[in-house]
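Asks: Give me a 3D structure for the following:
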Amino acid sequence: MSIPQSGGGLIESRAQLAEYLASGCKPAEDWRIGTEHEKFGYTLGDHLPLPYEGRASIFAMLTGLRDRYGWNPVEEAGKLIGLEKGGANVSLEPGGQLELSGATLRTIHETCDEVNAHLREVKSIADEIGAGFIGLGAAPEWSEAQMPVMPKGRYALMTRYMGQVGTTGTMMMYRTCTVQVNLDFASEADMVRKFRVGLALQPVATALFANSPFFDGRVNGWQSWRARIWRDLDPARTGMLPFVFEEGMGFERYADYALDVPMYFVYRDGNYVDALGQSFRDFLDGRLPALPGEKPTLSDWADHLTTIFPEVRIKKFMEMRGADGGPWRRLCALPAFWVGLLYDSVALDAAWDLVKGWSAEDRDHLRHDAAKDGLRAAAPGGREMRDLARDVLAIAQAGLARRARPGAGGLVPDETHFLNALHESIATGQTPADELLAKYRGPWKGDLSRIYAEYGY
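Replies: Predicted coordinates for the structure are as follows:
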């Protein structure tokens, strides 16, 4: 979850809302890659989620990272709730999931170096306090009652609201993890092309990264229970956004959509003001019940944009949001997948050719079936997801090869090797969820507790 935004004066015209989004446009030579990934922490002794305070705790993790590795503290109401350094942030999800929001970097090589350095730092502190971390899309065993609640004001408000608008909101907040990549666009037309391809192919990422077949200590029948949870969270702010594929899509159309998403809060003087269910349109007119007579700033608009959760989302950049959290090597594969597809014009055209004939119903069915069946899902045109994913991966591979961004001091010619884990999935037809289920039904003999030792970071 995002931290409160800052900067930006009073909104004096509605045009500023779309202009805020458009201000993210930048030439291709300035495009960057920002990777975010979440992971569950647990105590080594009993495999329970880390509480906020105590010897083995989230607070101990944050203070350890701060003191040993030079991270700067981020506090809210006197509580340590995050860290920042060099354009990167370590933040907390509602149930204590630890998130790295990485710096904006030029290549996947740099991204993977950042991921590796972060996980080494986390492990060094975790080992000392008796904690472990694991990358999964959903908490395998823990009930909601067992999850801690992090001391962040927006989470208290969201928790109260979730039960009014859906059935799975608090499951998402407290018991899921994701990995996502944030990418740039050159212009409004470029944003629209990337948005359409990103939405249409988000289910392919869901299938390739599916990694949550367990929930409440049982097999749940889905490859990605995390993706299943998102379907019943809040229809006003989630989903595949059919309007993105319609004539007239652009920054202004997205701003209109965002205006119709009910608000969560307004951040003022270090406090979250309850604006649950209220209208940003009313806020523009000075008629927000939470702050009568007050009008919003661009920071309020930036905050509101962080409370919208479609499968692809734009702010001043674009976020790919469809993948489960996962094992170490797949954390680098996700940005490689999307950079290969979206940062090379030939690849972007080829990807659009694959999906441009799909209907809204096709896209939504694919989203559902990818979460349920992974690479065995049915895809448009009577194909299987595995075959579609093979074609998409080939496009991404070619896009990365054409980018030709070397690493390791020039010894590695490009970024294509970061896709190796995904090629293995296509070759075997096995997702991470399939691998977990095979272990559970085979050598683990139904003992789910073995997941921590074998799959912890």
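
Asks: what's the longest strand that the chain contains packed up against?
Replies: Secondary structure of the chain per DSSP state E: the longest strand is strand 33-43. Here strand 33-43 touches strand 98-101, helix 108-129, strand 131-134, strand 178-183, helix 330-342, going by 3 or more Cβ pairs under 8 Å, 6 or more residues apart in numbering; DSSP states H and E. From N, CA and C alone the C-beta is placed, and that goes for glycine too.

Asks: C-terminal to the third one, what's the next element?
Replies: The C-terminal neighbour of strand 131-134 among helices and strands, as given by DSSP states H and E, is helix 153-165.

Asks: Which elements pack onto that next one?
Replies: helix 169-175, strand 265-268, strand 271-274.

Asks: which one of the ones you listed lies closest to residue 399?
Replies: helix 169-175 (31.3 Å; Cβ to Cβ).

Asks: Now find how far off-centre that closest one is within its chain.
Replies: 14 Å (Cα atoms, centre = their mean, to the nearest Å).

Asks: Let me see the ranges of the helices in the stretch 151-300 of the chain.
Replies: 153-165, 169-175, 188-208, 225-231, 251-259, 280-284, 298-305 (DSSP state H, counting those that start in this stretch).

Asks: now these as CSV including mean neighbour count?
Replies: Shown next, in CSV, are the helices of the stretch 151-300 of the chain (neighbours: other Cβ atoms under 10 Å):
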stretch, mean neighbour count
helix 153-165, 17
helix 169-175, 24
helix 188-208, 24
helix 225-231, 25
helix 251-259, 19
helix 280-284, 19
helix 298-305, 22
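
Asks: May I see these arranged in a markdown table, with mean pLDDT and distance to residue 76 as well?
Replies: Below are the helices of the stretch 151-300 of the chain laid out as a markdown table (pLDDT from 0 to 100; distance: least, Cβ to Cβ, whole Å):
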| stretch | mean pLDDT | distance to residue 76 |
| --- | --- | --- |
| helix 153-165 | 95 | 7 |
| helix 169-175 | 98 | 17 |
| helix 188-208 | 98 | 32 |
| helix 225-231 | 98 | 26 |
| helix 251-259 | 98 | 25 |
| helix 280-284 | 97 | 23 |
| helix 298-305 | 97 | 14 |
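
Asks: mind putting the ones you listed in TSV, distance to residue 445 included?
Replies: Listed next are the helices of the stretch 151-300 of the chain as TSV, based on distance: least, Cβ to Cβ, whole Å:
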stretch	distance to residue 445
helix 153-165	36
helix 169-175	25
helix 188-208	28
helix 225-231	22
helix 251-259	49
helix 280-284	53
helix 298-305	47
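
Asks: residues in contact with residue 174?
Replies: 93-95, 139, 144, 147, 149 (Cβ atoms under 8 Å, 6 or more residues apart in numbering).

Asks: Sorry, wrong one. I was asking about residue 140.
Replies: Taking Cβ under 8 Å, 6+ apart, one finds 214-215, 217, 448, 451 in contact with residue 140.

Asks: for residue 400, same thing?
Replies: 108, 336, 339-340, 344, 414-416, 418-419.

Asks: Please pick the buried ones from the residues you listed.
Replies: Among those, those buried by neighbour count (16 or more other Cβ atoms under 10 Å) are 108, 336, 339-340, 344, 414-416, 418-419.

Asks: what's the closest of the helices of the stretch 151-300 of the chain to residue 238?
Replies: Of all these, helix 225-231 comes closest under Cβ to Cβ, at 5.7 Å.

Asks: Give me the contacts around the closest one.
Replies: By Cβ under 8 Å, 6+ apart, helix 225-231 touches 137-138, 168, 171-172, 176-178, 206, 210, 212-215, 220, 222, 238, 309, 322, 324-325, 367-368, 370-372.

Asks: now that helix: how far from the chain's centre is it?
Replies: The answer for helix 225-231 is 13 Å, by Cα atoms, centre = their mean.

Asks: Could you export that helix as PDB, keeping only the C-alpha atoms?
Replies: Taking Å, rounded to 0.1, in the frame of the first residue of the first chain, the C-alpha atoms of helix 225-231 are listed here in PDB:
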ATOM      1  CA  TRP A 225      -6.400 -17.800  -4.600                       C
ATOM      2  CA  ARG A 226      -5.000 -14.200  -4.400                       C
ATOM      3  CA  ALA A 227      -6.500 -13.500  -7.800                       C
ATOM      4  CA  ARG A 228      -9.700 -15.200  -6.800                       C
ATOM      5  CA  ILE A 229     -10.000 -12.900  -3.800                       C
ATOM      6  CA  TRP A 230      -9.700  -9.800  -5.900                       C
ATOM      7  CA  ARG A 231     -12.900 -10.800  -7.900                       C
END
